[in-house]
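> generate coordinates for the sequence data below:
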Amino acid sequence: MDEQKDLEKLMDKIFDVDQLDAPSADFTTNVLEKIEAQKKVRLTYAPLLPGWVFVIIAVLVVLFVLYVFSSTESVTLQTNYFESMDFSTNWLSERMSQFSFSKSLGYSILVVGVLICLQARLLNRFLYRTNSLT
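Below you'll find the model as predicted:
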């Protein structure tokens with residue numbers, strides 16, 4: 001018992017000599033400002049496919065359309081282009097039969113479509129979970 005009383009007296013002397021550190025006057029406001037700054041940080045959108053990929057896809061689509069229209073019969077200047085076209089099912093079936101896509105092109109188009117859908121779904125779920133989407 002005496003030993004505990006001695007230890008208690010020693011502790012009291014140590015605490016009397018060293019005062020507790022008091023926080024600065026604007027401690028609470030500094031902490032709240034830092035919390036508010038963290039709340040203001042927004043999630044940046046990082047697309048799955050970069051912009052240059054979409055540019056390449058657009059160029060390929062334009063080249064494809066130009067190829068399709070340049071491979072049709074030559075049309076004289078006196079006739080209208082749409083008048084010379086026959087919009088029956090024969091015309092469509094003839095044009096579509098000229099195209100043959102490889103399996104790898106079909107799979108790559110399928111994979112790009114799935115990735116775009118997956119990216120939209122995951123970003124939607126993530127943004128709603130973090131309440132960043134208002």
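> any low-confidence regions in this protein?
Judged by pLDDT under 70, the chain has its weakly predicted residues at 1, 18-20, 39-43, 71-93, 131-134.
> longest helix anywhere in the protein?
helix 103-129 (DSSP state H).
> how distant is it from the center of its chain?
The chain centre lies 11 Å from the centre of helix 103-129; the measure is CA atoms, centre = their mean, to the nearest Å.
> could you do stretch 60-71 as well?
Worked out by CA atoms, centre = their mean, stretch 60-71 lies 31 Å from the chain centre.
> can I have that stretch written out in PDB, keeping just the CAs?
What follows is stretch 60-71, C-alpha atoms only, in PDB (Å, rounded to 0.1, in the frame of the first residue of the first chain):
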ATOM      1  CA  LEU A  60     -13.200   3.800 -89.500                       C
ATOM      2  CA  VAL A  61     -17.000   4.300 -89.700                       C
ATOM      3  CA  VAL A  62     -16.600   7.200 -92.100                       C
ATOM      4  CA  LEU A  63     -14.200   5.200 -94.300                       C
ATOM      5  CA  PHE A  64     -16.600   2.300 -94.300                       C
ATOM      6  CA  VAL A  65     -19.500   4.500 -95.400                       C
ATOM      7  CA  LEU A  66     -17.400   6.000 -98.100                       C
ATOM      8  CA  TYR A  67     -16.300   2.600 -99.300                       C
ATOM      9  CA  VAL A  68     -19.900   1.400 -99.400                       C
ATOM     10  CA  PHE A  69     -21.100   4.400-101.400                       C
ATOM     11  CA  SER A  70     -18.100   4.400-103.700                       C
ATOM     12  CA  SER A  71     -18.600   0.800-104.700                       C
END
